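Asks: Sequence and computational prediction follow.
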Amino acid sequence: MKPAVAVRLKVVLAVVLVSALHVLIWLGAREVASPADVVDPISSLSYTPFRDNPDRDGQDKRFYDVVIRDLAVLSQVTKHIRTYSTSFPIEQIIPEQAEKNGLGVSLGIWLGADEARNQAEKERALELIRTHRSVIKTVYVGNETQVRGEVPIETLIAHIRDFKKASRNQVEVTTGETWDVWHKYPELVRAVDVISAHVLPYWEGIPAEEAVASAFKRYDDLRTAYPGKRVTIAEFGWPSQGYNNGAAQPGAVQQATVLRDFISRANRLGISYNIIEAKDQPWKTVEGSVGAYWGIFDVNLNPKFPLRGLVEKTYRPVAIAAVAIGFLLSLFAFRRGTSRFSQAFIFSVSANLFGVAAGFALIFPLETYLNVGATLAWAISLLLMMVLAAIVLAKISEVVEVSLGSRPRRLLNPLDEGGVGASELKGAWVAAAGLTGRRVRSDDEALGPVPKVSIQIPAYKEEPDMLIQTLDSVAALDYPDFEALVIINNTTDPYYWKPVAEHCEKLGPRFRFVYLPSVAGFKAGALNEAMAFVSPEASILALIDADYIVDPQWLANLVPTFSDPKIAIVQAPQDHRDGSESLFKSFLNDEYAGFFDIGMVQRNEDDAIIAHGTMLLIRRSAFDAAGGWATDTIVEDTELGFRLFKAGYSAQYTNRRYGWGVLPDTYLAYKTQRHRWAYGAIQIIRKHWRDVLPGAKGLNRAQKMDFITGWLVWLSDALGASVAVLSLLWVPVVIWVGTRLPLGAIMTPAIAAVLINVLHALLLYRLRVKISPVRAFRAAIAAMSLQFTVARAVFKALITDKLPFQRTQKGGARSEGRKRWENWPETLLGLGLIGSSVLLWFTNDTRITEIYIYAIAMGVISIPHLATVFMGLLERFSGPAPTAPEKTGS
């Protein structure tokens, strides 16, 4: 069997095995209960067909047909209904239809702060009694007026007595109040004909398994407190969905079990009761997340549970969605043919875990009544969740590849025996397409033709002392045939260019000073104009930044790679020589190293590295064929690399350091640099997104995947910041409105994104960058602190395409000194998130699990923004690091 086939079979086995285990778990994930059968009809059901509130008179005529249908269905399970208002006209059709269906009616009168409306309610009730005396036997004057605090107890009693007098005792008169109100006001008991107690264990936080016993205890307590007074349980129920209230957990099986056990026992004992509700009320938003779900029927009169036999809840729709999404996400384990079984297995497990979260979130609207606002929030959250999940999986893939996979196979590293070694390059300087030059001898061995290299050093307002150091290092290169072009662009101040020009003259004819005082297109435009000064004999272009000191062996070690005519780019990593100047700079240095020792190495395995404009070698013929530098992006180096891959060329990467630059002077400069990179990445996406679509020619599948996932990394910070802002805006809704969303499922990728970034740093920096866990952790802090900066760049690039060039302040460049605190957006957002987390946690009086999860998520997603605050303070107050000079990588 071929090795590639064997590898794919291992991946297939891992994905199939995890999917099978996932299916087995769902097959066992069901709830089954055997509550008491309901044999006799239900004593009474609450029925409130109006929408929004009973004040919307005249808008309910369209519900006549609904009432006619509802009462016909309800008459099959009960012989009595309770209403809550006499609002015209919908409530007035109920007695008429109840009479046709053999139903009795307990008529409700809605009392509130509006006395004129109260009076109108009572008058309509009297008229209904006169016209439907045969079905109306009881009238409720008010409903939970004391709970709402709208009607003083004296006023309520006055209304009751007034109505009893007006109705001439033709009906039984009572009011609906929670059981504790009846204990508190004995005078209310004396005013009514019967005690109508609302007993709702859910609102007391009583577990479902104790709800029935608790309800009958409340009933017995009232009978004991008021002997001789008839007691009814005027409201009893349990919601089928929503957030928990302490130990009280809503649910379909819980609702069926509680109600069937209660109804069966009450029927057996001959206790008068009323179940709330007959059917769900999606418009009821005043009762938080559970308000819509108290019905024994759903809003379309479908029974939510059987009254006899087993009650079972399966998760079939969620399971199907979860398994399908998990399987599809697992297929990304095939993206590289070097995956081992362990890699594919762990990746597939991660994919299926995200599939579970996605399944619950995706199916949520099918099982939930959502208004427009909640639907919009769900849709946005789902979109953000899925994109974040894809990004997190890409990170997980990289973690398992590096930690469990084989050593890099394409890595060009003369000092690493596992890579393409120097011994393999010796003698390989043969005449190849585009390479011309003369033969030289080194170590008494003929190495073949030596291509001429044109080293280009663009500079824009760079410190002259720093640039001169760079030129001196270039002059010391151990390579026989090169020229160096020092390209000063858009810099008219003699302070910057005159000392450099003078130093070029001292270094001799190899060094040419190219002065371009006014050029369009920023760095790319300057490099394009400078091509007119490049020697016609130069077949390799080399780029370094103005702050880089290069290793004498840079060209001698890497130029031979171009003996392969397909190679258009050879890239060495960036590194820095001032990482030990301060603790702040050491954080930055460790963060930079991770990209070059982890991400670039992995991308190199797919021949999809990101070209960087320093320590970069380019085949000139490929450069010319691709059309040179593009001036429509501020990351011309990366964009050129993309075009070269698209044209069919290859690249090689080494993780050996051949050059050392200087780090940004300030945290603001660090953020400015990353802002430019992120903005440029979006420019490339806008320009080249069609080239990564399936079927697009040029890039192979692995290269497309690498560029897509690389772009997603930038977008992930934008999404992370978006999640943070949206989460903050949703806090008042959670606290005061109670609208339900699957917060646990939705926030899972956001939490995972932060945690995986930390894990990614702690593990992979240790394995590849070979630094301590402490340094890996500080690299993670530095990287996370840029989230808002990257997000701002991404959103700006999506709506504009003309970012002014912003130079990264390095090498002690002249500036106006420290200015005000530049991190206010991140500071306010971070403090807002952590403050909201604390607020949610300590105001969660009903101990709602989803709110605790939300509070934890808010705390976790505040970390990147608090990291910004930390980095800003670190820059201001850190002194020199008490360590030896920092070294990273190989």
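Replies: That came through, no problem.
Asks: Surely G613 touches T633?
Replies: No: G613 is beyond contact range of T633, at 11.9 Å (criterion: C-beta atoms under 8 Å). Placement of C-beta: from N, CA and C, glycine included.
Asks: Contact partners for P41?
Replies: Each residue near P41 by C-beta atoms under 8 Å, 6 or more residues apart in numbering is listed here: V77, T78, K79.
Asks: Switch the residues you listed over to CSV; also include pLDDT, neighbour count and secondary structure.
Replies: Formatted as CSV, these follow (pLDDT from 0 to 100; neighbours: other C-beta atoms under 10 Å; DSSP: H, G, I helix; E, B strand; the rest coil):
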residue, pLDDT, neighbour count, secondary structure
V77, 94, 16, coil
T78, 95, 19, strand
K79, 93, 17, coil
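Asks: Relative to Q673, which of those is nearest.
Replies: Taking C-beta to C-beta as the measure, Q673 lies nearest V77 of the contacts of P41, at 70.0 Å.
Asks: can you give me phi and psi for the closest one?
Replies: phi -120, psi -10 (degrees, to the nearest 10).
Asks: Grab the nearest non-local neighbour of it.
Replies: Spatial nearest neighbour of V77, excluding adjacent residues (C-beta to C-beta, 6 or more residues apart in numbering): I42 at 5.5 Å.
Asks: Let's verify V356: helix, strand, or coil?
Replies: helix (DSSP: H, G, I helix; E, B strand; the rest coil).
Asks: which residues are in contact with the host helix or strand of Y515?
Replies: Element membership for Y515, per DSSP states H and E: strand 511-516. For strand 511-516, the surrounding residues in contact (C-beta under 8 Å, 6+ apart) are 471, 474-475, 483-490, 497, 500-501, 504-505, 526, 529-530, 533.
Asks: Let's see the ChimeraX selection covering just the buried ones among these.
Replies: Those of the contacts of strand 511-516 that count as buried under 16 or more other C-beta atoms under 10 Å are selected in ChimeraX with:
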select :471,474,483,484,485,486,487,488,489,490,497,500,504,526,529,530
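Asks: model confidence over the host helix or strand of L644, on average?
Replies: Using DSSP H and E, L644 sits in helix 636-646. Here helix 636-646 scores 95 as its mean pLDDT.
Asks: which strands and helices sit next to the next helix or strand after it?
Replies: Next helix or strand after helix 636-646 toward the C-terminus (DSSP H and E): strand 650-653. When contacts are defined as 3 or more C-beta pairs under 8 Å, 6 or more residues apart in numbering; DSSP states H and E, strand 650-653 packs onto strand 567-571, helix 600-605, helix 636-646.
Asks: ranking those by burial, who's on top?
Replies: Most buried of those by mean neighbour count (mean count of other C-beta atoms under 10 Å) is strand 567-571; its value is a mean of 25.
Asks: which is the next helix or strand following that strand?
Replies: Next along from strand 567-571, by DSSP H and E: helix 583-594.
Asks: Dump that following helix to PDB, restricted to CA.
Replies: Written as PDB, here are the backbone C-alpha positions of helix 583-594 (Å, rounded to 0.1, in the frame of the first residue of the first chain):
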ATOM      1  CA  LEU A 583      10.600  44.000  29.600                       C
ATOM      2  CA  PHE A 584       8.100  45.500  27.200                       C
ATOM      3  CA  LYS A 585      10.300  44.800  24.100                       C
ATOM      4  CA  SER A 586      10.900  41.200  25.300                       C
ATOM      5  CA  PHE A 587       7.100  40.700  25.100                       C
ATOM      6  CA  LEU A 588       7.100  41.900  21.600                       C
ATOM      7  CA  ASN A 589      10.100  39.900  20.500                       C
ATOM      8  CA  ASP A 590       8.600  36.600  21.800                       C
ATOM      9  CA  GLU A 591       5.300  37.400  20.000                       C
ATOM     10  CA  TYR A 592       7.000  38.000  16.600                       C
ATOM     11  CA  ALA A 593       9.000  34.800  16.900                       C
ATOM     12  CA  GLY A 594       5.900  32.600  17.100                       C
END
